[in-house]
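S.K.: build the 3D model from these lines:
(chains A and B)
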Amino acid sequence: DAGVIQSPRHEVTEMGQEVTLRCKPISGHNSLFWYRQTMMRGLELLIYFNNNVPIDDSGMPEDRFSAKMPNASFSTLKIQPSEPRDSAVYFCASRPMGTDTQYFGPGTRLTVL
Amino acid sequence: AQSVTQLDSQVPVFEEAPVELRCNYSSSVSVYLFWYVQYPNQGLQLLLKYLSGSTLVKGINGFEAEFNKSQTSFHLRKPSVHISDTAEYFCAVSSGGYQKVTFGTGTKLQVIP
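M.R.: Residues are numbered from 1 along each chain as shown, chains lettered A, B, ... in the order given. Reported below is the predicted structural model:
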């Protein structure tokens, strides 16, 4: 099993540009989570999906952030326009039905200049 | 609402010494409790979890934790640490089912040779 796959692993962009982060959950898992990790705020849940449906997006900072899960094997987190304060490591995690264990991807380190 | 408090942001300990990382939780319903570990530049991985049953839970790498309902605690312990245990440790709480997991702010364990 390849685990949760995230791409890109590193992204450097300029303020105002659109950024798209990608996640492929573990096959068969039916829940997917997007987190943001910073030194100042720690690990924050942005949004999570069950069976491709967004359940709780209360952690999404503002309208510049959007997330989609068009099918069970793919999700995106988009930031448009990006700002320097969005610089962080973004993690995707998936969870199989019937368990409470989340499996994290390696993260995408985003730097907005 | 649920929350987790990790009072210690950093814990230095000498190699082969015992360690305890503290975690207190708050929840109005039954809880599931977790400890995750994050090694440098990696995603989080599950160390152990308490769902029900025995209050002493054993996890990977020789770690264990004890659920104490009266003190609302779930402290993580290891009798003898190794250099390779240097990492950040996150306590987390969930109400189960499709509910989201709330993570603590993390405790950085630094094992000193």
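S.K.: and residue 27, how many neighbours?
M.R.: All of this is about chain A. Using other C-beta atoms under 10 Å in any protein chain shown, residue A:27 has 11 other residues around it. Where you see a C-beta, it was placed from the backbone N, CA and C, and this is true even at glycine.
S.K.: not quite, go with chain B.
M.R.: Residues lying near residue B:27 (other C-beta under 10 Å) number 17.
S.K.: how about the nearest residue to it, chain neighbours excluded?
M.R.: Nearest residue to residue B:27 in three dimensions, chain neighbours excluded: residue B:2, at 4.1 Å (C-beta to C-beta, 6 or more residues apart in numbering or on different chains).
S.K.: so which strand or helix has the most centrally placed residue in chain B?
M.R.: Closest to where the C-alpha atoms of chain B average out (C-alpha atoms, centre = their mean) is residue B:35, at 3.4 Å. For residue B:35, the enclosing helix or strand under DSSP states H and E is strand B:32-38.
S.K.: quick check: angle from the next helix-or-strand element following that strand to strand B:32-38?
M.R.: Using DSSP H and E, the next helix or strand after strand B:32-38 towards the C-terminus is strand B:44-50. For strand B:44-50 against strand B:32-38, the angle by axes from the mean of the first three to the mean of the last three C-alpha atoms, to 10 degrees is 150 degrees.
S.K.: contacts for strand B:44-50, please.
M.R.: Outside strand B:44-50, the residues that touch it by C-beta atoms under 8 Å, 6 or more residues apart in numbering or on different chains are A:43, A:91, A:93, A:100-104, B:32-38, B:57-61, B:63-65, B:67, B:74, B:76, B:89-90.
S.K.: perfect, that will be all.
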